[in-house]
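**Student:** sequence below, structure please.
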Amino acid sequence: MYIDFKELKAQIEIVNVVDMLGLDLAQRENQLRGTCPACKEGDERSLVVTPEKNAYYCFAKKEGGDCIALAAHILGLSMREAALRIARHFDLIPSGNEEDKPKELQSDPSKPLQPLAYLHYKHDAVQALGIDAETAERIGIGYAKKGMMRGRVAIPIRTDEGTLVGYCGYADDANPRLKLPQDAGSATDLSIEQPLLH
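**Tutor:** Numbers count the residues shown, from 1 in each chain. A predicted model of the protein is given here:
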């Protein structure tokens, strides 16, 4: 599958990839700093991410680059594999057949689903539901301009313990759409009572 690196970097900021990777970095002025989980050496300032430049640098390995290079470094993947991982994580390309993916790209059901980083909490479609931006951000309800939920308000689905297990996409003029982990079954296995919201 072809991946346009330039287009991917234009759509995804490096801070979103930091969240995707679960990196524990502390804010230091205009940078994020922490230990490098890939190198496992150096101090708490060895890995540096500069959001303004959409760049990172690892002092332990003495190399840096963009968001794709960061994912490749942390995950131990090639640049292409890292780009695919990012694109799939942010719903920029279809997941495809699970058997066609390299093992390192297959989803890990033991890992919790990550919140969609590109949701817009202040969008008119969210406000129309009577949800203010602050509440929407706290709950995780937002309008999606891309991905599987594109054109819908994405509403998180959580377990009783608060674990994110999927999203339901709501729009006035469209049927509900579900985004669930691949091991959760298809949308046909689930039923949704209409209307979702009043």
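**Student:** how far off centre is the helix or strand hosting residue 56?
**Tutor:** Using DSSP states H and E, the element containing residue 56 is strand 55-58. Chain-centre distance of strand 55-58: 20 Å, with CA atoms, centre = their mean, to the nearest Å.
**Student:** I'd like the average pLDDT over that strand.
**Tutor:** In this model, strand 55-58 carries a mean pLDDT of 96.
**Student:** show me what it is packed against.
**Tutor:** With contacts defined as 3 or more CB pairs under 8 Å, 6 or more residues apart in numbering; DSSP states H and E, strand 55-58 has these neighbours: strand 47-50, strand 63-65, helix 67-75. The C-beta positions use only the backbone N, C-alpha and C, and glycine is treated the same way.
**Student:** how about those in JSON lines, adding mean neighbour count?
**Tutor:** Formatted as JSON lines, the helices and strands packed on strand 55-58 follow (neighbours: other CB atoms under 10 Å):
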{"stretch": "strand 47-50", "mean neighbour count": "21"}
{"stretch": "strand 63-65", "mean neighbour count": "15"}
{"stretch": "helix 67-75", "mean neighbour count": "23"}
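**Student:** show me where the protein has strands.
**Tutor:** Secondary structure of the chain (DSSP state E): strands at 26-28, 31-34, 47-50, 55-58, 63-65, 142-144, 152-158, 164-171, 174-179.
**Student:** most tightly packed of those strands?
**Tutor:** strand 142-144 (a mean of 25; mean count of other CB atoms under 10 Å).
**Student:** lovely, talk soon.
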